[in-house]
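Engineer: model this:
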Amino acid sequence: QVQLVESGGGLVQAGGSLRLSCAASELTFSRCAMGWFRQAPGKEREFVGFVNRYGNIRYYADSVKGRFTISRDNGKNTGYLQMNSLKPEDTAVYYCAADYNIGIDRRSDAKNYVYWGQGTQVTVSS
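Structural biologist: You can find the predicted model right below:
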């Protein structure tokens with residue numbers, strides 16, 4: 001059974017940093033593109049960023065560009081989301097997602113990803 005398990009969430013003050021991890025099992029992680037999404041209370045799930053299977057193509061939502069960095073270590077079957085200069089509006093549950101067949105042109109639509117983690121809460125206090 002495919003599993004994606006996020007970790008690294010928590011409570012941080014505005015301006016602080018967190019690094020989220022997404023550990024994958026029972027899938028060929030190196031052949032999957034990865035996306036990160038987030039969902040705040042009362043809001044729809046929104047795209048945060050994307051990295052292709054090789055780790056050399058990345059896209060970010062405008063709201064996080066310059067502050068968040070996506071990376072991956074295929075040898076460890078793990079993806080990462082480094083979040084710097086956090087703001088209260090970054091507060092949300094963060095999810096990683098993976099898919100074998102997602103193309104760059106479909107990267108920001110959550111419905112295009114087959115595999116999802118359970119989410120990790122990130123809370124940024126002002």
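Engineer: C-alpha only now, for contacts and for neighbours.
Structural biologist: OK.
Engineer: Surely residue 19 is in a strand?
Structural biologist: Yes: membership of residue 19 in a strand is supported by DSSP: H, G, I helix; E, B strand; the rest coil.
Engineer: For the nearest residue to it once chain neighbours are set aside, give its distance to residue 89.
Structural biologist: Using CA to CA, 6 or more residues apart in numbering and skipping residues adjacent in sequence, the residue nearest residue 19 is residue 82, 4.4 Å away. In this view, residue 82 and residue 89 are 16 Å apart by CA to CA, to the nearest Å.
Engineer: any idea how far residue 72 is from the residue nearest to residue 19?
Structural biologist: Going from residue 82 to residue 72 by CA to CA gives 11 Å.
Engineer: repeat for residue 97
Structural biologist: Note on residue 97: its distance to residue 72, by CA to CA, is 13 Å.
Engineer: of those two, who's got more company?
Structural biologist: Taking neighbours as other CA atoms under 10 Å, residue 97 and residue 72 compare with residue 97 leading, 26 against 23.
Engineer: Secondary structure element holding the more buried one?
Structural biologist: strand 92-99 (DSSP states H and E).
Engineer: May I have the beta-bridge partners of residue 97?
Structural biologist: residue 35, residue 116 (DSSP bridges).
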